[in-house]
Structure formats: C-alpha cells, structure tokens
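> Sharing a model that was predicted from the sequence below.
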There are 2 protein chains.
Amino acid sequence: MIKIAVDAMGGDHAPQAIVEGALAAVQTYSDIQILLYGDQDQIQALLPEGDYPIEIIHCSEKIAGDDEPVRAIRRKKDASMVVAAKAVKKGQAHALVSAGNTGALLAAGTLLVGRIKGIDRPALLGTLPNLRESGESFVLVDMGANADAKAKQLWENALMGNQYAKDVLGKRQPRVGLLNNGSEDTKGNKVTKEAFELLSQEEQIHFIGNVESRDILAGVCDVVVSDGFTGNAVLKAIEGTAKEILTLVSHSLKSGNLQTKLGALLIKNSLKETLGQFDIESVGGATLFGVKAPVIKCHGNASAKTVAATIGQARQIVKSGTYDSLAQQIANKESQTED
Amino acid sequence: MIKIAVDAMGGDHAPQAIVEGALAAVQTYSDIQILLYGDQDQIQALLPEGDYPIEIIHCSEKIAGDDEPVRAIRRKKDASMVVAAKAVKKGQAHALVSAGNTGALLAAGTLLVGRIKGIDRPALLGTLPNLRESGESFVLVDMGANADAKAKQLWENALMGNQYAKDVLGKRQPRVGLLNNGSEDTKGNKVTKEAFELLSQEEQIHFIGNVESRDILAGVCDVVVSDGFTGNAVLKAIEGTAKEILTLVSHSLKSGNLQTKLGALLIKNSLKETLGQFDIESVGGATLFGVKAPVIKCHGNASAKTVAATIGQARQIVKSGTYDSLAQQIANKESQTED
C-alpha cells in the first residue's frame, strides 16, 4: 500500500475540496491509503459513513496563506502541514500533498522532510503538454522554488529533470535543454552562459543546448532547465495566454451572428477537447524534487478534482521510485568525484 | 517630412522584403521619406520605375546574422546598418529600422546613435495587445536588450515604459507594474525586491506593485517592467503558446468529422479575427529606448508587410516626440537630484 499524507487544511477550498478529493482518489486507486492531517471534527463531518482507507490525524493548527513561511513552519508545531511533513520524514507516509501556502510547503519540504545529499537547492518540477504530439509531455524545472539560482543549481535542475523524465515520463534518453534568450550556444545572461558550460561537460545527460520559450510547447526537448524566477514567469505566461486566447475564441463565437453561433454549436466538442489540454485543474501539481520524499504542491484554488489528480500523481511518483533513483545517482556522482 | 533610415540588407528576406516594405510604406504615408542603405544595384533592381520618396545610399558591406555584434559594428565601417546608424546620429534621418542581427543593432543604437544622459542601459520596448479590451495595448520593457539587469536598470525601464505609454499609447497616467513571481509586495528575487523599493519611492510614475505574467494579456497594467532576460522569455512564451494553441484549434477543426468541418467552415471568419490579434507579423517591431533617436528592430524573418508596419511604427514614434520627452524628463530629474 502507498501511504499519502494529505494536508487537509491548506488551500482556498479546504477542508472540503481536500476531503472530497481524497475520497475520490481512494475510490480510483485501490493501492493507496490516505492520512488526512487537520481538524478532526471538520474532516469527520465531510466524510460519509463507510469503510475507506482514510485515516484522520488531528492537528490543532494550520498555516495561513499569508504566514511568513519559515517562521510558520518553526512556530506552528501542530499545524497540519508541519505534522504531515514530519510523518513523511519518519517514513509513516511515502509522500506529502498540500494545496496550502507554497513558500511554507517548500520550507517544510526542505527543512522537515530534508534535502538529499548533493543537492543544494531542491526545485519545483512540473510537466506541461507537448502540443505537437498528443499524450506526450515535457518537464519544466524549476517552476519557482529558487528565484536566485546560480549555474551550479541549474546543473542540479538538469540532473533532477533528467531523472524524472526517465522514471516518471518513461523517456529513455531525455533531451535536456537550457531555457535561454536565444538558441545559439553563445546566448545568455551570466548565469546561463556558465550553466551552458557545466551542462556541455555533463556526460550523464543528453544536453541539446539552449532552447527558447517559444518552442517548448512544440516539444523542442523533454526537460526544460531554468532558474525558478524565469521558469515561474514562463509557466504563468503560458497559462495566461492559453486562458486569454481561449476566452477570446469562445467570446468571439458567442457574440457572433447566427452563422457563427451555429458553427460554434457544431464544433463545441472539438473545441472542448482542445481546451482540455490546458485544463491546469486536472493536470495536478508541481513536485519538490531533491528532497528525501515527494512533496507535491496543488494549486491554491484546487477543486476536489484537482486534489484527486494530484494524489494520483503522488502515487505515480512514489511507484516510479524516482526520488530514490535521484539520491542514488547523486551519491554515485559524489563518490566518483571523490575517487 | 519624416526621414526614416532603413537597413536594406538585414533580415532573412533582405533586400527584397525590405525594399517592397519601404515601397508599401511610402504609398501608405504621405509624410515620410525613406533612405535605403545597401547594395545600390540589388536595391535598384527591386524598385519599379517611377517617382517615390525613396533614396538609395550605397554601402559595400553588410552585417551577417552570425557576426559578433560589437566587433562587426566597429570593423565593418561601410556596412548598411552602421552607415544608417551614423546618419541618424548626424541628424540626416529621424529613425532607424532594421531586420538584421539584433545584437549588432542594439550595439549600433547604443554606441553609434548614443545613449541619452541619465540612462545606463537602453532597453528594447514593445507593445502587446490587451486581450480583454479590443484596441488597447500595453508596453513590455525590456524585451531583451539587457540580460543582466540590476535594480537601477529596472527603475530606468519603468521611466522609459511610462513615457512611451503616455506619448505613444496615449495613456494619461499609465499603471506601471513590476513583473514578478507573485503579486504580493514581498515577492521576488534579489533584484526585483530591490527594484520594488526604488519604484515605490518614485513619484513620477503610478506604480501599482508586482504583476504576474499570467495577468498581463488581461491588461493588469499599462507598463510591464522586467529585466531583458525574463522579458524575452515571457514574450516568447506568449508567442509560442498563441501559435501552438491556434494551430491546435485549427488542426482539431480540420481533422474532425463532417459536423466539425461544417462548423469550422461557418466560424472561419470569426476565428480569423481572433487570430489577427496574434499576428506578430503585422504588429511591427520593438524599439530601442533610452538612445538619442528611435532604433527599431523588425523580426528577422520579416515579410514586406511587417517591414511596412515597422516603418509606420517608426513614423508614429517620431511624431510622438517621445524620445525627446524622455531625455527632457531624465534631465529634469538629474538637475533636481543635483539641487
């Protein structure tokens, strides 16, 4: 059984969306068990009677969206997120899922679950769809954990993305690209120029050079390596553009003349299919990689559907064994360097 | 008459697309005169007989796409881009337009046309459509001139974007936002946190705080302030997403069943209208701001249509007087600081 610790009190629609998502997840997957951390009474009231592999662990506190992350993690010792993270650290659960305060979750992952040896800065890793090949996706790392990254940390991100793309996406030899301001080898700012050198010398990855953000959705590579500031900006630019352009399309269809409206009616299903690929809600979350066990962030306004998808993602990540593979891979590198 | 210097030899389709674009521009605008810099014979062969306000200035060299920018500017003294930039510096033309090597054009602008006093780093400024309000647009600055910006340079970008939004877009009190990894005041990396403080204290702009890339196309502000690396990444992410999603929509329409195809036929015009807003080809270029006269970069693969649009944009910028207003504004600030 895969045990997943879920912070029932984090997110805009907590605890209801979280509890409903957990219920949906245990109904979908027969090999998981969920530990729900939070207010016993509130959670209990949301669970219908019956027999589910869901256990409630009562916590008297919760971390708010505007709490200062590190301070909150240290002071609120009985907060649902903190207790859940400690349970993962102790091996009582295989992974942690939370829709709460992102900064606090990153701090909980790094400080409570703990970094693996050889990774200075854990990174937020997520997948986006390759729009040219249905069903394929690529990894973007870092989506926002480390806003002031140095070249060494971009190299760490590359190793992490590579491992994840192999183990979770099943890419045999992931094509790793460095997100840059031009595709030529000489492009970049100080940090990316230095990172380019490091990645060119790294034999354990298939480095294809610099890539531009305009080509990533077309599947130019399997792993997009970035600092957390730029990765975050690119991710949100993609989300925003997709949202605005689809709003624009559906608006121009609705406000059109009779001919346009009739056309819109006929293509509704086809459009819906297209829209589905950008439904961030059903895609799940971003995972903090480089720590000892999966810590997965759900969108703050996650619905029950999203929470269930993120729990499913946590299950998949645990089953892939990628967190242990990364630790092993980094340990091997370190021992080689010492030789 | 507004005189515009055009580098006839820069860009993937030069000189043909450039010469045809220049011809289209003088037919559209009666108040412009174009100086075409490049190979006399090649240009002449492309111009039909007749009387146009187009003058050819023969240049024996040209800057290639892969030339090292600063070296090329210094060594190729008779290159079309170099001679054209010097003409602008001497006041023989009001603005420079080129679809050639971006780095070389930035160097030509900064080193040959020259920075204005008080601006350390000129920035590439461009406009994008506000998709929530038809006909409205916003400024993104910097789109890629300065990949390693410090906080002081983000402050310069804010002043430049503000001036442009007033003079060219006609915004009375532009809302200036700092592109960041969250909208809260405390968000950011080292540079944006410091820039936030500088902008908060700047009385000459209406600073609305941090903005996220997911909200900019929805018109969250009139001026988006960024370093050149992130601005470039966000711009290209928007372009790429728009392109891929529209390809996806039209593909899913084409490959659908009879019903979908019939629907697609009926809504074709409506979709075309939507697509038009993302036609970067007809939007024109990005302008190097903070130098003494407008230096405008056209896309490298610019068609004649794009070249004509960019020349039209150069005309509009010259007419707005925004380059002189910025110089005046910065001079006033400097004299206040000295008091």
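On my side now, so go ahead.
> in chain A, which segments are predicted with low confidence?
For chain A, residues meeting the criterion pLDDT under 70 lie at A:252-253, A:267, A:269-284, A:338-339.
> can you map out the strands along it?
A:2-7, A:32-38, A:54-58, A:95-98, A:123-129, A:137-141, A:175-179, A:206-211, A:223-225, A:286-289, A:295-297 (DSSP state E).
> Any chance of TSV for those strands, columns distance to chain B?
Every residue, glycine included, has its C-beta placed from N, CA and C. Below are those laid out as TSV (distance: least, CB to the nearest CB, whole Å):
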stretch	distance to chain B
strand A:2-7	20
strand A:32-38	25
strand A:54-58	30
strand A:95-98	17
strand A:123-129	10
strand A:137-141	11
strand A:175-179	7
strand A:206-211	10
strand A:223-225	11
strand A:286-289	13
strand A:295-297	14
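> Including mean neighbour count and distance to A:Ile73, could those strands go into a markdown table?
Shown next, in a markdown table, are those (neighbours: other CB atoms under 10 Å in any protein chain shown; distance: least, CB to CB, whole Å):
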| stretch | mean neighbour count | distance to A:Ile73 |
| --- | --- | --- |
| strand A:2-7 | 26 | 12 |
| strand A:32-38 | 25 | 14 |
| strand A:54-58 | 16 | 18 |
| strand A:95-98 | 30 | 12 |
| strand A:123-129 | 25 | 17 |
| strand A:137-141 | 26 | 23 |
| strand A:175-179 | 26 | 30 |
| strand A:206-211 | 20 | 35 |
| strand A:223-225 | 30 | 28 |
| strand A:286-289 | 28 | 14 |
| strand A:295-297 | 28 | 12 |
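> OK, contacts around A:Thr287?
By CB atoms under 8 Å, 6 or more residues apart in numbering or on different chains, A:Thr287 lies in contact with A:Leu124, A:Leu125, A:Gly126, A:Tyr164, A:Pro294, A:Val295, A:Ile296, A:Lys297, A:Gln313, A:Ala314, A:Ile317.
> The residue nearest to it when sequence neighbours are not counted bridge partners, please.
Spatial nearest neighbour of A:Thr287, excluding adjacent residues (CB to CB, 6 or more residues apart in numbering or on different chains): A:Ile296 at 4.8 Å. Beta-bridge pairing for A:Ile296 (DSSP bridges): A:Val97, A:Thr287.
> May I have stretch A:285-298 exported as PDB, CA atoms only?
Below are the C-alpha coordinates for stretch A:285-298, written out as PDB (Å, rounded to 0.1, in the frame of the first residue of the first chain):
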ATOM      1  CA  GLY A 285       0.600  19.800  -9.200                       C
ATOM      2  CA  ALA A 286       4.300  20.500  -9.100                       C
ATOM      3  CA  THR A 287       6.600  18.300  -7.100                       C
ATOM      4  CA  LEU A 288       9.500  19.500  -4.900                       C
ATOM      5  CA  PHE A 289      12.400  17.400  -6.200                       C
ATOM      6  CA  GLY A 290      15.800  17.000  -4.500                       C
ATOM      7  CA  VAL A 291      14.300  16.200  -1.100                       C
ATOM      8  CA  LYS A 292      14.000  12.800   0.500                       C
ATOM      9  CA  ALA A 293      10.400  12.000  -0.400                       C
ATOM     10  CA  PRO A 294       7.800  13.500  -2.800                       C
ATOM     11  CA  VAL A 295       6.300  16.800  -1.600                       C
ATOM     12  CA  ILE A 296       3.600  17.900  -4.000                       C
ATOM     13  CA  LYS A 297       2.000  21.300  -4.300                       C
ATOM     14  CA  CYS A 298      -1.500  21.500  -5.600                       C
END
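> how much distance is there from it to the middle of the chain?
Here the centre of stretch A:285-298 is set off from its chain's centre by 6 Å, with CA atoms, centre = their mean, to the nearest Å.
> Please apply the same query to stretch A:327-339.
For stretch A:327-339, the distance to the chain centre is 26 Å (CA atoms, centre = their mean).
> circling back: between the strands of chain A, which gets nearest to B:Ala5?
Smallest distance to B:Ala5 across the strands of chain A (CB to CB): 32.3 Å, for strand A:206-211.
> Give the partner strands of the closest one in its sheet and their orientations.
strand A:175-179 (parallel).
> List the neighbours of the partner strand that are in contact with it.
Counting by CB under 8 Å, 6+ apart, A:154, A:158, A:161-162, A:192, A:195-196, A:199, A:205-213, A:216, A:220-226, A:230-231, A:234, B:233 sit against strand A:175-179.
> Also stretch A:24-32?
A:1-4, A:33-34, A:52-54, A:304-305, A:307-308, A:311-312, A:315.
> ok, the residue nearest to A:Thr287 touching A:Gly312?
No. Judged on CB atoms under 8 Å, A:Ile296 makes no contact with A:Gly312 at a distance of 10.5 Å.
> List the contacts of the most centrally placed residue in chain A.
Central residue of chain A (CA atoms, centre = their mean): A:Ala286, 0.7 Å from the mean position. Counting by CB under 8 Å, 6+ apart, A:Ala286 touches A:Leu124, A:Leu125, A:Gly126, A:Met143, A:Gly144, A:Ile296, A:Lys297.
> Who are the contact partners of the residue nearest to A:Asp222 when sequence neighbours are not counted?
In space, and not counting its chain neighbours, A:Asp222 is closest to A:Pro174: 4.0 Å by CB to CB, 6+ apart. Counting by CB under 8 Å, 6+ apart, A:Pro174 touches A:Val139, A:Gly161, A:Asn162, A:Ala165, A:Lys166, A:Ile205, A:His206, A:Cys221, A:Asp222, A:Val223.
> can you redo these as TSV with distance to B:Gln92?
TSV is the format used below for these (distance: CB to CB, whole Å):
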residue	distance to B:Gln92
A:Val139	53
A:Gly161	52
A:Asn162	55
A:Ala165	55
A:Lys166	60
A:Ile205	53
A:His206	52
A:Cys221	47
A:Asp222	52
A:Val223	51
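> related to what we said a few turns ago, for the contacts of stretch A:24-32, which one is nearest B:Thr337?
A:Val307 (54.0 Å).
> isn't that closest one right next to A:Ile296, touching?
No. Using CB under 8 Å, A:Val307 is not in contact with A:Ile296, being 10.6 Å away.
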